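*Asks:* sequence plus the predicted model coming up.
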Amino acid sequence: AEDANRWYESSDTVRTPGMSKAVFSLQKSKVFQRAVMFAVINPQPNGAGFAGVKSNVTFGDVDGREGILLQCRGQGSLKYWKVVLTDSEFLGLTKLYTYEAKFPVILDSEDFV
């Protein structure tokens, strides 16, 4: 639960036509534990809009390792998700360096992809 509290919303809540919303919550039962992200996208007239969550993540010893494994599944009508990674070494600079990956989500599947 402590790790789930480190996530915070990053959505277009300030633009009048935008006003999207994201919530990140931990769901626990006797059988499993998982994180749930709920998002409602209310796009602007041109289709722009976003809702998401952010967290500062520190990776331990990464020597000899390559890549990140993200297991997720989706419900609803969001066809694509995007993950953005920013190296903390570049925070505070006028030009922020990030890596972004947009990927399709298989909707209404019981399996993780």
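*Replies:* Nice, thanks for sending it over.
*Asks:* so where's the chain shaky on pLDDT?
*Replies:* The chain contains residues with pLDDT under 70 at 1-2, 14-15, 17-18, 88-97, 112-113.
*Asks:* so where do the strands sit in it?
*Replies:* 8-9, 21-28, 33-40, 53-54, 80-86, 98-104 (DSSP state E).
*Asks:* quick one: which of those is nearest Val62?
*Replies:* strand 80-86 (12.4 Å; CB to CB). Yep, even glycine has a C-beta here, placed from its N, CA and C like the rest.
*Asks:* ok, that closest one: who's next to it in the sheet?
*Replies:* strand 98-104 (antiparallel) (DSSP bridges).
*Asks:* chain center to the partner strand: distance?
*Replies:* A distance of 10 Å separates the centroid of the chain from that of strand 98-104, by CA atoms, centre = their mean, to the nearest Å.
*Asks:* likewise stretch 25-41?
*Replies:* For stretch 25-41, the distance to the chain centre is 13 Å (CA atoms, centre = their mean).
*Asks:* look at it and report the distance between its end residues.
*Replies:* One end of stretch 25-41 to the other measures 18 Å (CA to CA, to the nearest Å).
*Asks:* for that stretch, buried residues please.
*Replies:* Neighbour counts over stretch 25-41 (16 or more other CB atoms under 10 Å) mark Met37, Ala39, Ile41 as buried.
*Asks:* let me see the contact set for the last one.
*Replies:* When the contact criterion is CB atoms under 8 Å, 6 or more residues apart in numbering, the partners of Ile41 are Ser20, Gly49, Phe50, Ala51, Leu78.
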